[in-house]
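Chemist: below is the structure, and that's it, no one-letter string:
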């Protein structure tokens, strides 16, 4: 890549930005673009064609920095056939003009793919164009409203200055009628969106934000037309059109702000899933987001397939319940396509990835309705408020109307209009959305990936934390393994490795990694079964092998009592041969969490599936107030949490995604700790990177602070409304100022919550 | 005073002209991308600098 750039004197590319380019993507497959030689396909893609030039534009999602613009706009230096290339950075599009005799569409696309910007070639690119048309329509509306508003203003000046008495005959009427004409496009074109939205809400028997605004506009215009046609006055069309104009500008600005926020969440957030990739016989863990086409991946028992892939090795039994909600197993053979989201049950399989993993698709699966049948029904405390907001607003408006029509009829109109416009339920709704949105981003930056924003609200109520031991507060990668028992031959070791290789349990991983001098793919198990919370059973070359807890293997009491640390017992052909003792290494910073949680008066429990050999060490870390429970089966863990909840406690469970799935599901907030694996469990509400477990207490206190931020901004926006309304009902506030204030208050709320939540995060060291 | 009527008509026509100009520029996509051109102008600068620096080198060599 560098050579190519150097050759063409484009070395500036590397000077422009510290981290330019997402490099050329692995091996370059030219065959893939063969379809671009097809004449019909070309016809569909190009925008203009003559003998000398062909115009075409592509969407290039990889574009991300100023260096990209530089490189893409200098394509003509690399490929002389390209006459011109122009980038639209915000829409991530490139517009290319090339000479059909010097180069071809396929060559252009190949060049783009080669330098790392593979265009997203779609034969139906209609959505993008719709989007831009929509934006333009918005701007047209603002433009028309602005034109009409300013001219109406101009024509209203004589009236302002002469206090309604214009000497010249006919002039006043002419002005009125011109104003009348100018106001029509505003009413029928510019404000159309507000009316349709209000009408849609009404049809579903729901008063939305647009309803009071639509009413205010109708009142203003109807009253003004009545005056102009009746010749009694010149109406209020200056403020009427002003309302529409400022409202549209405010909304446009609001949308711009929202867009920049949602961009952050989609593209910058950490996605915690890892996947095992095999390269030249060596296994390596990479984040799912770096998964590329042609990667060979290994999926073990209970792991999820993160991207569409073709089965290359092993027997696949795929459970698509994540996707479809049905619990049927689908058997797949070598060469079959397996879609992303399926879960492998049984022995390990190898697959070739044919499509990159889509983070948004996996998040979408996670938020699938099938898994929402549980707890997260807790609605935000803001919802009941906003429901009655519009109704309350209308009653205030009616009261104002009645009051002023008795006291001073001339103030009825401005007071009622200002009331309807200045009140802003959106700032109430926005406060929660934006605080939580920003918090999701900050949690993501600290490698805690939450399923959705409602988890934050649940997290803020937590008063009990339950820890799982293995793989959660202990570190899988740093465990010390020691074998004890009858000596194992190399063949036996190979069998142990082959069996543990199938499973994704932390202990399997520890034992698998500890057997180093045995080649990886020596043996493949003929049969394999994993008993959750108990152990593994498998048949390798006719030998039956069982590994797991003492009870599962059926070891004598003697062995059990002598256990030190966590043990995995091994049984070959029904004879117990020995056990692997795993010396646990606790994660750094566990003591800090305990300290932090104690300060927040959060109660703690430790549940472990192992025996109580670690009791002393654990009570040293957790102190005497923490209850430690050992030899817990998954069902017992679940019941334990149910009991806590029965006592009215809000429970957070920290465990690994698979063995504790039931408990994670049951708890108010279930956090799965991931250590570079594809253990994706929709039962959990959040996934936390193993190295960041020590931040748990900070996460909880931040969630609590977040709730306070929402409350503060909620109070602030209520204050806004009260102050605004109190001026409006007195008839002091002009409707036009109200139209400026309303979007301004929304924007100030958004800024307030974003800055405040970022500030608190920094204070807490997140 | 009837001149006023004509002037009003003209003023609205002129303003209407600006409106059409605005709408036309939007429809031509002049406001679609307000980011890339600001970057592009910087690249043009570096390119020129590169060429001028080489030419100045040549001058010093000939001297």
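Modeler: Yep, it's here. On a predicted model such as this, the values are computed, not experimentally measured, just so you know.
Chemist: doesn't residue A:233 lie inside a helix?
Modeler: No. Remark: residue A:233 does not belong to a helix; assigned using DSSP: H, G, I helix; E, B strand; the rest coil, it is coil.
Chemist: contacting residues around it?
Modeler: residue A:227 (C-beta atoms under 8 Å, 6 or more residues apart in numbering or on different chains). Using the backbone N, CA and C atoms, a C-beta is placed for each residue, glycine as well.
Chemist: all helices of chain B, in order?
Modeler: Counting by DSSP state H, one finds helices in chain B at the ranges B:2-27, B:36-62.
Chemist: ok, the stretch 1-150 of chain A next?
Modeler: In chain order, the stretch 1-150 of chain A shows helices spanning A:2-7, A:13-16, A:39-45, A:66-73, A:75-78, A:105-114, A:126-161, with DSSP state H, counting those that start in this stretch as the criterion.
Chemist: any idea which of these scores lowest on pLDDT?
Modeler: Out of the helices of the stretch 1-150 of chain A, the stretch the model trusts least by mean pLDDT is helix A:13-16, with a mean of 48.
Chemist: one step back: now the weakest link among the helices of chain B, please, by mean pLDDT.
Modeler: Mean pLDDT per stretch puts helix B:36-62 lowest among those, at a mean of 52.
Chemist: chain A contacts on chain B?
Modeler: Residues of chain B lying near chain A by C-beta under 8 Å from any C-beta of the partner chain: B:1, B:4-5, B:8, B:11-12, B:15-16, B:18-19, B:22-23, B:26-27, B:29, B:31-36, B:39-40, B:42-43, B:46, B:50.
Chemist: pull out the buried residues from these.
Modeler: Members of the residues of chain B next to chain A that pass the buried threshold by neighbour count (16 or more other C-beta atoms under 10 Å in any protein chain shown) are listed as B:8, B:12, B:15, B:19, B:22-23, B:26, B:33, B:36, B:39-40, B:43.
Chemist: close to chain B: what parts of chain A are there?
Modeler: The interface of chain A toward chain B, taken as C-beta under 8 Å from any C-beta, is made up of A:12, A:66, A:69-70, A:73-74, A:86-91, A:132, A:136, A:139-140, A:143-144, A:147, A:150-151, A:154-155, A:168, A:171, A:174, A:178.
Chemist: mind checking pLDDT for residue A:180?
Modeler: 91.
Chemist: show me which of the residues of chain A next to chain B are buried.
Modeler: A:12, A:66, A:69-70, A:73-74, A:86-89, A:91, A:136, A:139-140, A:143-144, A:147, A:150-151, A:154-155, A:171, A:178.
Chemist: how about the helix or strand containing residue A:636: buried residues?
Modeler: With elements delineated by DSSP states H and E, residue A:636 resides in helix A:634-646, which encompasses its position. Of the residues in helix A:634-646, those buried by neighbour count under the rule 16+ other C-beta under 10 Å are A:634, A:637-638, A:640-641, A:644-645.
Chemist: need the next SSE after it, C-terminal direction.
Modeler: Next helix or strand after helix A:634-646 toward the C-terminus (DSSP H and E): strand A:651-655.
Chemist: which neighbouring elements make contact with that next one?
Modeler: With contacts taken as 3 or more C-beta pairs under 8 Å, 6 or more residues apart in numbering or on different chains; DSSP states H and E, strand A:651-655 sits against strand A:464-468, helix A:634-646, helix A:661-666, strand A:669-674.
Chemist: okay, the angle between the longest one and strand A:464-468?
Modeler: Per axes from the mean of the first three to the mean of the last three C-alpha atoms, to 10 degrees, the angle that helix A:634-646 makes with strand A:464-468 is 170 degrees.
Chemist: could you list the residues in contact with helix A:634-646?
Modeler: Contacts of helix A:634-646 with the rest of the structure, by C-beta under 8 Å, 6+ apart, involve A:464, A:466, A:468, A:532-533, A:605, A:607, A:609, A:629, A:632, A:651, A:653, A:655, A:659-663, A:666-668.
Chemist: quick one: distance of that helix to the chain centre.
Modeler: Here helix A:634-646 shows a centroid-to-chain-centroid distance of 30 Å under the convention C-alpha atoms, centre = their mean, to the nearest Å.
Chemist: now residue A:634, nearest residue through space, not along the chain?
Modeler: Across the structure, with C-beta to C-beta, 6 or more residues apart in numbering or on different chains as the measure, the residue nearest residue A:634 apart from its sequence neighbours is residue A:533 (4.4 Å).
Chemist: for residue A:415, same thing?
Modeler: If you skip the residues right next to it in sequence, residue A:415 has residue A:731 as its closest partner in space, 3.9 Å away by C-beta to C-beta, 6+ apart.
Chemist: quick check, the one you found in contact with residue A:416.
Modeler: No. Counting by C-beta atoms under 8 Å, residue A:731 does not reach residue A:416; the two are 9.1 Å apart.
Chemist: find residues that contact each of those two.
Modeler: residue A:404.
Chemist: more neighbours: those two, which one.
Modeler: More neighbours surround residue A:416 than the other of residue A:731 and residue A:416, with 26 against 21 (other C-beta atoms under 10 Å in any protein chain shown).
Chemist: chain center to the helix or strand harbouring the more buried one, what's the gap?
Modeler: Taking DSSP H and E as the definition, residue A:416 sits inside helix A:412-422. The gap between the average C-alpha position of helix A:412-422 and the chain average comes to 40 Å, counting by C-alpha atoms, centre = their mean.
Chemist: which strands and helices sit next to that helix?
Modeler: In terms of contacts (3+ C-beta pairs under 8 Å, 6+ apart), helix A:412-422 is packed against helix A:210-230, helix A:237-268, helix A:383-407, helix A:696-729, helix A:735-763.
Chemist: what sits up against that helix?
Modeler: By C-beta under 8 Å, 6+ apart, the list of residues contacting helix A:412-422 from outside reads A:212-213, A:215-216, A:219-220, A:223, A:236, A:239, A:243, A:393, A:396-397, A:400-401, A:404-405, A:721, A:724-725, A:727-731, A:733-735, A:737-739, A:741-742.
Chemist: just how off-centre is the helix or strand hosting residue A:436 within its chain?
Modeler: Using DSSP H and E, residue A:436 sits within helix A:425-445. Helix A:425-445 has its C-alpha centroid displaced from the chain centroid by 12 Å (C-alpha atoms, centre = their mean).
Chemist: next helix or strand past that helix?
Modeler: Using DSSP H and E, the next helix or strand after helix A:425-445 towards the C-terminus is strand A:448-450.
Chemist: pLDDT on the helix or strand that comes right after that next one, on average?
Modeler: Counting by DSSP H and E, the next helix or strand C-terminal to strand A:448-450 is helix A:454-460. Confidence over helix A:454-460 (mean pLDDT, whole number) is 84.
Chemist: list the contacts of residue A:198.
Modeler: The neighbours of residue A:198, taking C-beta under 8 Å, 6+ apart as the test, are A:208, A:210-211, A:213-215.
Chemist: circling back to that earlier point, would CSV of the helices and strands packed on strand A:651-655 with distance to residue A:189 and mean pLDDT be doable?
Modeler: Putting those into CSV (distance: least, C-beta to C-beta, whole Å; pLDDT from 0 to 100) gives the following:
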stretch, distance to residue A:189, mean pLDDT
strand A:464-468, 58, 89
helix A:634-646, 56, 87
helix A:661-666, 52, 80
strand A:669-674, 49, 84
